[in-house]
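Q: Predicted model, plus sequence, below.
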Amino acid sequence: MNTFTAITRAPIGSMIENKYAWDFAEKMICEAVDVAEADGTHFSYREVLNMVHHVCEDAGKGYSSMSQDVMNCRLTEIDAINGAIVEQAKLYNVKVHYNSLIVDLIHAIEGAYQYHKDGK
């Protein structure tokens, strides 16, 4: 949720209102579950997806911390969230294309802060 809402600059609840956003989120979540499984921690894909869906419902019009960071041109916690998934995936040779992409996109956004005239 954090990463995708940071890119879209949209509230957390938008993740479940936007088919494309939710489809992307599902793919990132499934990759994260694959990495956890490779590491010996077992999760149900469906349970994790349902949990994230409920968080999006409950948060509604609230903005994630990463979204607020992007809107205010601050460095984000991307490396501690999706970046950690990418790094762990390397240990187990698990493919995490969506999480890798989102890490690169957030870092690209952070790198573009210097071009924002108003600092936002």
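A: Ah, there it is. Numbers count the residues shown, from 1 in each chain.

Q: For K117, report the pLDDT, please.
A: On pLDDT, K117 comes in at 69.

Q: actually F4, not the one I wrote
A: For F4, the model assigns a pLDDT of 87.

Q: who touches the longest helix along the chain?
A: Counting by DSSP state H, the longest helix found in the chain is helix 19-38. By Cβ atoms under 8 Å, 6 or more residues apart in numbering, the residues outside helix 19-38 that reach it are 1, 3-4, 8, 10, 14-16, 42-43, 45, 48-49, 52, 82, 85, 88-89, 92, 94-99, 102. For glycine as for every other residue, the C-beta is placed from the backbone atoms N, C-alpha and C.

Q: which of those count as buried?
A: 1, 3-4, 10, 14-16, 48-49, 52, 82, 85, 88-89, 94, 96, 98-99, 102 (16 or more other Cβ atoms under 10 Å).

Q: Isn't G60 up against A10?
A: No: if you go by Cβ atoms under 8 Å, G60 and A10 don't touch, sitting 11.6 Å apart.

Q: which residues sit against the helix or strand of the chain with the lowest mean pLDDT?
A: Sorting the helices and strands of the chain by mean pLDDT, DSSP states H and E puts helix 2-8 at the bottom, at a mean of 91. Residues external to helix 2-8 that are found in contact with it (Cβ under 8 Å, 6+ apart): 11-12, 14-15, 18, 21, 24-25, 28, 63-67, 69-70, 76-78, 81-82, 102-103, 105-106, 109.

Q: So which of the contacts of helix 19-38 belong to helices?
A: Per DSSP H, the subset of those in helices is 3-4, 8, 14-16, 45, 48-49, 52, 82, 85, 88-89, 92, 97-99, 102.

Q: which among the contacts of helix 2-8 end up buried?
A: Listed as buried from the contacts of helix 2-8 are 11-12, 14-15, 21, 24-25, 28, 63-64, 66-67, 69-70, 76-78, 81-82, 102-103, 105-106, 109; burial here means 16+ other Cβ under 10 Å.
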